[in-house]
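Q: model this:
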Amino acid sequence: KRTSYAAFASLRKVIKIGVLSVLCSLLVMRSQPVLAQVASHSPALSDEDSVRDLDTVSITGQRPTPFGTLMHVVAVIHREDIERAAVDNLQDLLRCIEGIDIRARSNNNVQADISLRGGAFDQTVVLLNGVNITDPQTGHHTLNIPLNLNDIERIEVLQGPGAWNFGAIAYSGAINIITRQPDRSGINVGLEQGQHRYQNYNAGLTFRRKTFQAMATADKTMCSGYANNTDFDIDNIFVQGRYTLPKGVLNGQFGYQKKAFGANNFYGPEYPTQYEQTQTYLSSLQYAIKTRRYGVMATVYHRRHLDCYELFHSNPAPWYTGANYHRTNVLGGLLQGSYVSRIGATIAGVNVRYEQLLSNNLGEPLNTPVAITGTADTSYILGKTRSHWSAFVQQTYHHRRFHATLGVMGAGNNDYGFHGYAGANLAYDISRHWQTSASINNSYRNPTFTDLYYHAGKQRGSADLVPEEAFNAEFALDYSPKQWAIKGLVFYRYGYQTISWVLEDDALWHARNIMDIATLGANLRAQYKLNATWLDKLTFSYAYIHLDPATNANISYTIEQLKHQASVDFWHRLGQHLDISWRVSYQQRNGQYRPYDIQTGYSTYRDFDPVVLLDAKISYTATHYAVFASVTNLLNTDYSDFGNIPQ
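A: I've put the predicted structure just below:
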């Protein structure tokens with residue numbers, strides 16, 4: 001496989017690494033942490049203390065990860081899992097991780113909202129190779145990411161405690177998508193065909209030399225739609241490069257995405273001809289210098305998003321005034337340094353982020369209208385700018401079986417002033433196979449531009465909103481004997497000043513800081529690797545969420561989270577080339593919705609129905625090519641993630 005561990009794999013034996021210097025995992029490149037290890041200066045330990053089975057980790061430092069200074073990453077999905085999973089797009093892949101709620105309005109990455117641990121869709125920060133690409137207008141656009149599944153190396157998920165240092169968005173957690181680094185020069189092409197005239201064409205070019213490596217990919221996805229006005233056309237381009245200098249490493253990335261899709265029922269079932277077009281531009285540049293003990297990393301990034309939303313794509317009503325146009329620009333920078341000493345790693349950093357909105361529907365009046373490219377008589381007449389800044393210090397400490405990460409952060413905003421936050425993660429190795437950990441922190445989220453200013457139909461934003469805040473706590477227990485990997489945890493979050501859309505006496509939905517919400521939950525994941533012909537791997541996961549809102553109101557989004565989420569994955573490997581995977585999943589959602597019929601209108605409120613889904617995939621992988629076939633929803637189940645939007 002041309003990997004760094006290929007020589008070990010060829011021996012077909014289990015290689016146990018007993019003692020590994022902690023310096024390897026705590027350099028400024030912040031690769032994934034290797035826990036339960038001892039520094040080279042520590043006294044010798046017994047075999048029970050110093051030998052521990054480790055999961056696959058990366059200690060090369062090729063791809064920085066912002067989770068490297070934390071005690072643990074709650075979930076990681078690796079390249080092998082991605083290739084064998086019965087999915088072929090990012091939003092379905094994220095469904096495979098327990099505790100993640102993906103509420104799709106359509107399939108194949110058209111549009112979906114993401115939330116962690118019962119949080120709302122605006123409360124999760126999303127990063128691409130450690131760069132914050134979260135949309136400030138609305139969480140509906142955060143997953144507009146110009147990637148094909150072939151581009152992704154792994155996905156790291158940090159739920160709840162520990163995400164506090166990402167600041168104004170990471171209320172309930174963070175997700176980091178890490179792209180592949182080319183291991184050789186070459187060309188890759190792919191073709192997919194499917195039901196409803198689904199087509200995907202993708203191509204990639206990789207280049208690798210001693211000090212330089214680069215990857216460029218492009219793909220196009222089209223479909224006529226599984227129902228009326230659900231067609232889509234998506235174009236993606238992604239380029240990344242890495243150049244090793246004598247005293248540092250330079251990383252760069254650029255992405256572009258263009259979407260056009262029918263939005264049947266997306267924002268109200270009364271309007272079946274809704275339509276939307278979006279464009280996303282992403283770019284970042286990062287320079288890192290590291291020595292044995294010191295390191296410095298500087299990152300600058302930019303995200304530009306354009307959105308054109310039409311309530312009537314055809315046959316507009318007489319009162320309709322035209323499409324909504326929005327343009328956001330985000331410019332940010334991060335400077336951080338690290339020092340590795342006898343007590344552990346100290347990391348300090350400063351983060352700044354500037355957000356700009358131009359719109360004909362959101363914001364405050366502009367002094368001078370700005371013409372909208374591609375339109376003849378429409379201009380941006382509203383807008384808003386705001387700045388965020390933060391500074392943080394973290395200290396990681398390891399001593400024999402005990403590990404700790406402590407940190408503080410000060411964060412400010414030109415609209416909401418200055419606030420302080422802190423977090424702590426503690427872990428203890430009970431034995432060779434058992435580890436326990438506990439975390440505590442507070443977090444917050446600033447309102448989105450939609451929360452503040454949206455004014456259309458039956459929705460009314462509020463410019464008087466203030467940031468919502470939360471207290472988070474977690475306790476986890478890991479058990480990993482030989483072929484097993486079992487992790488269980490319980491968590492608690494108390495959110496106050498929570499932003500909710502509330503149906504008031506005027507029959508309109510208003511954005512308010514009205515709720516305190518207590519969230520109690522539990523996650524369990526168990527994986528068993530048989531390495532047998534009939535069953536290679538078996539994984540079971542379960543997540544439970546209980547929400548206790550302190551305010552009685554009909555609330556949109558805030559309490560419509562998954563109460564029960566369970567799945568079982570079976571992986572069969574038949575010979576060296578043929579793989580078969582099955583996924584059975586169950587979900588039951590909180591909240592209610594009002595069914596709508598075009599002839600009779602709305603009926604009374606009803607609960608979301610429990611859903612059982614079965615997906616399957618069979619693939620044949622050879623040296624230079626792979627062929628697969630997949631079927632989703634094999635039981636032909638009628639279901640929806642949002643009321644009145646069938647999947």
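Q: Return the residues in contact with V296.
A: Neighbouring residues of V296 by Cβ atoms under 8 Å, 6 or more residues apart in numbering: V28, A288, I289, K290, L335, Q336, G337, S338. For the C-beta atoms, the positions are set from N, CA and C on the backbone; glycine is no exception.
Q: Filter those residues down to the buried ones.
A: Neighbour counting by 16 or more other Cβ atoms under 10 Å classes V28, A288, K290, Q336, G337, S338 among these as buried.
Q: Any chance of those residues in TSV with pLDDT as columns?
A: As requested, these are exported to TSV (pLDDT from 0 to 100):
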residue	pLDDT
V28	34
A288	95
K290	87
Q336	91
G337	93
S338	91
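Q: re the thing from before, between all of the contacts of V296, which two are at the greatest distance?
A: The largest separation in the contacts of V296, counting by Cβ to Cβ, is between K290 and L335 at 14.7 Å.
Q: May I see the buried ones among the contacts of V296 organised as TSV, with distance to G383 and secondary structure added?
A: TSV is the format used below for the buried ones among the contacts of V296 (distance: Cβ to Cβ, whole Å; DSSP: H, G, I helix; E, B strand; the rest coil):
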residue	distance to G383	secondary structure
V28	38	coil
A288	35	strand
K290	41	strand
Q336	32	strand
G337	36	strand
S338	38	strand
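Q: any idea which of the residues you listed is the one closest to W434?
A: S338 (30.2 Å).
Q: so the closest one makes contact with G295?
A: Yes. Contact criterion Cβ atoms under 8 Å: S338 and G295 qualify, at 4.4 Å.
Q: for the stretch 351-500 of the chain, what spans make up the helices?
A: Here the stretch 351-500 of the chain has its helices, by DSSP state H, counting those that start in this stretch, at 449-453.
Q: so how many other residues sit close to S431?
A: 12 (other Cβ atoms under 10 Å).
Q: Now the phi/psi pair for it, please.
A: Note on S431: backbone dihedrals following degrees, to the nearest 10 are phi -160, psi -170.
Q: Distance of it relative to S480?
A: Between S431 and S480 the computed distance is 11 Å (Cβ to Cβ, to the nearest Å).
Q: Also V296?
A: Distance check for V296 against S480: by Cβ to Cβ, it reads 35 Å.
Q: Report the contact partners of the closest residue to K537 other than its chain neighbours.
A: For K537, ignoring the flanking residues on the chain, the nearest one in space by Cβ to Cβ, 6 or more residues apart in numbering is W571 at 4.2 Å. Contacts for W571 (Cβ under 8 Å, 6+ apart) come out as R84, L535, D536, K537, L538, T539, D579, I580, S581.
Q: related to what we said a few turns ago, what would the contacts of V296 look like in CSV with distance to C308?
A: Shown next, in CSV, are the contacts of V296 (distance: Cβ to Cβ, whole Å):
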residue, distance to C308
V28, 42
A288, 38
I289, 43
K290, 44
L335, 36
Q336, 38
G337, 43
S338, 44
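Q: okay, now Y602: neighbour count?
A: By other Cβ under 10 Å, the residues close to Y602 number 13.
Q: Quick check: phi and psi at the closest residue to P481 other than its chain neighbours.
A: Distances taken as Cβ to Cβ, 6+ apart place H433 nearest to P481, at 4.6 Å, with adjacent residues excluded. With angles defined as degrees, to the nearest 10, H433 sits at phi -110, psi -10.
Q: roughly how far apart are H433 and R400?
A: Applying Cβ to Cβ, the value for H433 to R400 is 17 Å.
Q: Could you list the low-pLDDT ranges of the protein?
A: Residues of the chain that meet the criterion pLDDT under 70 lie in 1-74, 159-169, 532-533, 550-558.
Q: At the geometric centre of it, which residue sits there?
A: Centroid-nearest residue in the chain: I175, 3.5 Å away (criterion: Cα atoms, centre = their mean).
Q: Give the other helices and strands that the helix or strand hosting it contacts.
A: If you go by DSSP states H and E, I175 is part of strand 173-179. Judged by 3 or more Cβ pairs under 8 Å, 6 or more residues apart in numbering; DSSP states H and E, strand 173-179 is in contact with strand 112-116, strand 124-128, strand 152-159.
Q: closest to L331 out of these?
A: Closest among the helices and strands packed on strand 173-179, using Cβ to Cβ: strand 124-128, at 15.7 Å.
Q: Partner strands of that closest one and their direction?
A: Paired with strand 124-128 in the same sheet, following DSSP bridges, are strand 131-132 (antiparallel), strand 173-179 (parallel).
Q: want to throw those into TSV with distance to N265?
A: Listed next are these as TSV, based on distance: least, Cβ to Cβ, whole Å:
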stretch	distance to N265
strand 131-132	31
strand 173-179	27
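Q: Select, out of those strands, the one closest to Q647.
A: Judging the strands paired with strand 124-128 by Cβ to Cβ, what sits closest to Q647 is strand 173-179, at 21.9 Å.
Q: Can you give the distance of the helix or strand just after that closest one from its chain's centre?
A: Going down the chain from strand 173-179, the next helix or strand is strand 186-194, by DSSP H and E. In terms of Cα atoms, centre = their mean, to the nearest Å, the centre of strand 186-194 is found 25 Å from the chain centre.
Q: Tell me which residues of the following helix or strand past strand 186-194 come out buried.
A: For strand 186-194, the following helix or strand on the C-terminal side (DSSP H and E) is strand 198-208. Neighbour-count burial for strand 198-208 flags Y198, N200, N202, A203, G204, L205, T206 (criterion: 16+ other Cβ under 10 Å).
Q: So what's the gap between strand 198-208 and the chain middle?
A: How far strand 198-208 lies from its chain's middle: 23 Å, per Cα atoms, centre = their mean.
Q: Given that strand, what are its sheet partners and their directions?
A: Sheet neighbours of strand 198-208, with direction, are listed as strand 186-194 (antiparallel), strand 212-223 (antiparallel) (DSSP bridges).
Q: Could you say which of those is packed most deeply?
A: strand 212-223 (a mean of 19; mean count of other Cβ atoms under 10 Å).
Q: CA atoms of that one as PDB?
A: What follows is strand 212-223, C-alpha atoms only, in PDB (Å, rounded to 0.1, in the frame of the first residue of the first chain):
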ATOM      1  CA  PHE A 212       6.800  18.900  -3.100                       C
ATOM      2  CA  GLN A 213       3.500  17.100  -3.400                       C
ATOM      3  CA  ALA A 214       0.200  18.200  -4.900                       C
ATOM      4  CA  MET A 215      -3.300  16.900  -5.700                       C
ATOM      5  CA  ALA A 216      -6.000  18.300  -8.000                       C
ATOM      6  CA  THR A 217      -9.500  16.800  -8.300                       C
ATOM      7  CA  ALA A 218     -12.700  17.700 -10.100                       C
ATOM      8  CA  ASP A 219     -16.100  16.100 -10.200                       C
ATOM      9  CA  LYS A 220     -19.600  16.700 -11.600                       C
ATOM     10  CA  THR A 221     -22.800  15.200 -10.200                       C
ATOM     11  CA  MET A 222     -26.200  15.400 -11.800                       C
ATOM     12  CA  CYS A 223     -29.600  13.800 -11.200                       C
END
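Q: which SS class is I517?
A: The three-state label for I517, taken from DSSP: H, G, I helix; E, B strand; the rest coil, comes out as strand.
Q: That one and V157, how far apart?
A: Separation of I517 from V157 (Cβ to Cβ): 21 Å.
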